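1. Here's my sequence, what's the structure:
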Amino acid sequence: MSVAEPSAIGPGSRLKRQLPYFIAIGLMGTAVDASITYALARAFGFPAALARPPAFIVATIINFALNRSLTFRGTQAPLVRAFLRYLLVSVVGLSVNYAVYLACIAASPLAGITVTPGLLPLYVAIGSGAAMSLTYLGFRFFAFRA
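-> Next up, the predicted model:
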């Protein structure tokens, strides 16, 4: 008796296989994003709002490669089309992510907290967490769909 492929077992089993990869890759991408954001703010003096976009671009490219090869392996979607769709979903996710990040920056002084480069990785993580479900659904049902 042969073992069925995860996609043949059913959507629940596919989710059980995909979700740990997606979370691990997302955490790694958040670490890349937060590290670059921190470095740009701390070492190069970028303002907090401007340190984030270059970091997000690098993290998005790395995450695409890892998600395609691990989370959504076996996808029949052509590489370029999948990447363009991935970027589209990522931009929507970034809109949520970045809005939450900027809200954290704006709310900090109201709470008596000084925004420092050391706080930015926390704000990156909060924004990433807010966008996670949205991006997973977009990647699964749109970006990597054949």
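2. pretty sure R140 is touching F72, no?
-> Yes. R140 lies in contact with F72 (C-beta atoms under 8 Å); the separation is 7.0 Å. Glycine gets a C-beta too; all of them are placed from N, C-alpha and C.
3. Give the residues shared as contacts by these two.
-> Residues touching both R140 and F72 by C-beta atoms under 8 Å, 6 or more residues apart in numbering: Q18.
4. what about the helices in the chain?
-> Assigned by DSSP state H, the chain shows helices spanning 6-9, 11-42, 48-66, 79-110, 120-138.
5. could you give me the average pLDDT of the shortest one?
-> Translated: helix 6-9. Averaging pLDDT along helix 6-9 gives 46.
6. try the fourth one
-> For helix 79-110, the mean per-residue pLDDT is 95.
7. Buried residues, that helix. List them.
-> For helix 79-110, a neighbour-count test (16 or more other C-beta atoms under 10 Å) marks 82-83, 85-87, 89-90, 93-94, 96-98, 100-101, 104-105, 108 as buried.
8. what does stretch 71-86 rub up against?
-> 5, 7, 18, 21-22, 25, 60, 64, 67-68, 139-140, 142-146.
9. Is G26 in contact with S128, as I believe?
-> Yes. The pair G26 / S128 is scored as a contact, 6.7 Å apart, by C-beta under 8 Å.
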